[in-house]
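**Student:** I'd like to go over a predicted model; first the sequence, then the structure.
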Amino acid sequence: MSGHLPTAALRSLPNAGNVTRIQLANGLTILVRENHSSPIVTLHGSLQAGAVDEAAAQAGLATLTAAMLSRGSERYSFDQFNDAVEAVGGNLTLNGDSQSTDFNLACLAEDFPHLLDVLADALLRPLFPADHLEKVRQERLVRLQERDQDTSAVANLRFYETIYGGHPYGRSVAGYAHTVTPLTRQDLVDFHRRFYAPAGAVIVVAGAVATATVIEQLTGHFGAWQATRPERFLPPQPPLPATRQLHIPMKGKFQADIVLGGHAISRLDPDFYVARVANCILGQFGMMGRLGETVREQQGLAYYCYSALDAEPTMGLWLAAAGVNPAHVDQAVTSIYAEFARMAGEGVTEQELDDAQSYLTGVVPLTLETNDGVATTLLNMEWYGLGLDFLVNYPALIRAVTAADVQRVAARFLRPEACVTVVAGLAEG
């Protein structure tokens, strides 16, 4: 089954018939989707080197390492790196995240070979110059200081710390001032040596390329890469904390931010698509779903209010967030939990279900109108092992969700007694 997409639309989707996928002997996977409608090439890639791989005392190491990749490599200094990109009007970024180190490249097809060379040198042969490390560290510390004065950021950070406890998912990906300050150049060198490896890495190229040529180019740069990394082991999902309500006073703030929610499902759970539809109805569709309609529009309690699924490979969270006048915190929290209870107890209407399904399936072709969208989507498909025909099958997965399914999953996870509530921005006293 293919859902409600027309046959012509299905044929145009990236799939096993028009995407080439190969895996090099060292474990690096390459996907290529040709598109000659414009002279642009986009490359998206990810390595299995992220914040979950660092020690708690070194929180922020993975993202700091990634930020330093463009600061100088064996063949390209920081200035040469920037000159190479800016001279052709391209874009080349490298960033660390929770699970991965991600890199993106976009340029004209004629400039792709040169910028690919720059990217490969940055990934494989960084120098981590000490003078640049201090500059990047100071920039990071300033951003961390700003984060700690932002009610939304603080609420989000403390929510994850509280619900995950000492689990790696509970730590700030960017780190903390007391963990980033002592990091040394050798720490970055060691992290790069231990965790940057081709096995499990993915590179996707979409755009005006010849498939055989781009595979040859990527193999030339990365085929001889033989680094290995330790096996990643993540602890199981931690139990809910004993204290499930946290209020963080922040002086001089005119807004309080709320984050509340509980443990949910992983990205690979069969009920993921049910939860996706349910979350769309709860706090995404239109003006932020039921939460936006009730808490923000009808009751006037929030500046914004939405829900989100954060589904990691082995576990996940289902949460709601709102920004409110501090005087309305209790009312807003009560109202959000009332919407949780309504979906769990009463379910959703057939109209709500159809609207959410139409939106979730209809938005897919729009996200694939650019090479960037295609590359992003293919990278996610490979990263989660969804298969090259996932997009063809996706509409049917969404349309198979019933109102009973939504109510069942909502009743399983949207339980106030199994949630953590964090509020940042309340005045002291």
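**Tutor:** Nice, I can see it.

**Student:** list the contacts for the spatially most central residue of the chain?
**Tutor:** For the chain, the residue nearest the mean C-alpha position is D97 (7.7 Å; C-alpha atoms, centre = their mean). Counting by C-beta atoms under 8 Å, 6 or more residues apart in numbering, D97 touches 50-51, 62-63, 173. C-beta: built from backbone N, CA, C; applies to glycine.

**Student:** Sheet-wise, list the partners of the helix or strand containing A321 with their directions.
**Tutor:** Taking DSSP states H and E as the criterion, A321 maps to strand 316-324. Paired strands of strand 316-324, with direction, are strand 256-263 (antiparallel), strand 304-311 (antiparallel) (DSSP bridges).

**Student:** and the next element down the chain from the first one?
**Tutor:** Where DSSP H and E defines the elements, the next helix or strand beyond strand 256-263 is helix 272-283.

**Student:** Name the next helix or strand downstream of that following helix, please.
**Tutor:** Following helix 272-283 in sequence, per DSSP H and E, is helix 285-291.

**Student:** If you count contacts, what does that next one end up packed against?
**Tutor:** helix 272-283, strand 304-311, helix 329-346, helix 350-367 (3 or more C-beta pairs under 8 Å, 6 or more residues apart in numbering; DSSP states H and E).

**Student:** so which of these is the most packed in?
**Tutor:** Ranked by mean neighbour count, the helices and strands packed on helix 285-291 are led by helix 272-283 with a mean of 25 (mean count of other C-beta atoms under 10 Å).

**Student:** residues in contact with it?
**Tutor:** 264-266, 269, 289-292, 305-309, 311, 318, 320, 339-340, 343, 348, 352-353, 355-357, 359-360, 397-398, 400-401, 405-406, 408-410, 413-414.

**Student:** switch to 6 Å and redo it
**Tutor:** With C-beta atoms under 6 Å, 6 or more residues apart in numbering as the test, helix 272-283 has contacts from 265, 289-291, 306-307, 309, 343, 348, 352, 356, 360, 397-398, 401, 405-406, 409-410.

**Student:** swap in stretch 369-384?
**Tutor:** Stretch 369-384 is touched from outside by 14, 29, 31, 33, 35, 40, 42, 44, 202, 204, 206-207, 267, 367-368, 390, with contacts defined as C-beta under 6 Å, 6+ apart.

**Student:** From those, which land in helices?
**Tutor:** 367, 390 (DSSP state H).

**Student:** So how do I select the buried members of the contacts of stretch 369-384 in PyMOL?
**Tutor:** Buried subset of the contacts of stretch 369-384, written as a PyMOL selection, criterion 16 or more other C-beta atoms under 10 Å:
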select buried, resi 14+29+31+33+35+40+42+44+202+204+206+207+267+368+390
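
**Student:** Nearest to T181, out of the contacts of stretch 369-384: which one, please.
**Tutor:** H44 (32.3 Å; C-beta to C-beta).

**Student:** Chain neighbours aside, what residue packs nearest to the closest one?
**Tutor:** In this structure, H44 finds its nearest non-sequential neighbour in A375, 4.0 Å apart by C-beta to C-beta, 6 or more residues apart in numbering.

**Student:** now do A67
**Tutor:** In space, A67 is closest to V136, 5.3 Å off (C-beta to C-beta, 6+ apart).

**Student:** what's the answer for N18, then?
**Tutor:** In space, N18 comes closest to R33 once its chain neighbours are excluded; the distance is 6.6 Å by C-beta to C-beta, 6+ apart.

**Student:** Quick one: residues contacting the one you found.
**Tutor:** By C-beta under 6 Å, 6+ apart, the neighbours of R33 are 14, 19, 206, 374.

**Student:** how about a cut-off of 10 Å?
**Tutor:** With contact taken as C-beta atoms under 10 Å, 6 or more residues apart in numbering, R33 is in contact with 14-15, 18-21, 42, 204-207, 209, 211, 368, 371, 374-375, 377-378.

**Student:** now, which of the residues you listed lie within strands?
**Tutor:** Those of the contacts of R33 mapping onto strands are 20-21, 42, 204-207, per DSSP state E.

**Student:** Let's have those in a markdown table, adding pLDDT and distance to A278.
**Tutor:** Below are those laid out as a markdown table (pLDDT from 0 to 100; distance: C-beta to C-beta, whole Å):
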| residue | pLDDT | distance to A278 |
| --- | --- | --- |
| T20 | 98 | 36 |
| R21 | 98 | 32 |
| T42 | 98 | 32 |
| V204 | 98 | 30 |
| V205 | 98 | 35 |
| A206 | 98 | 31 |
| G207 | 97 | 36 |
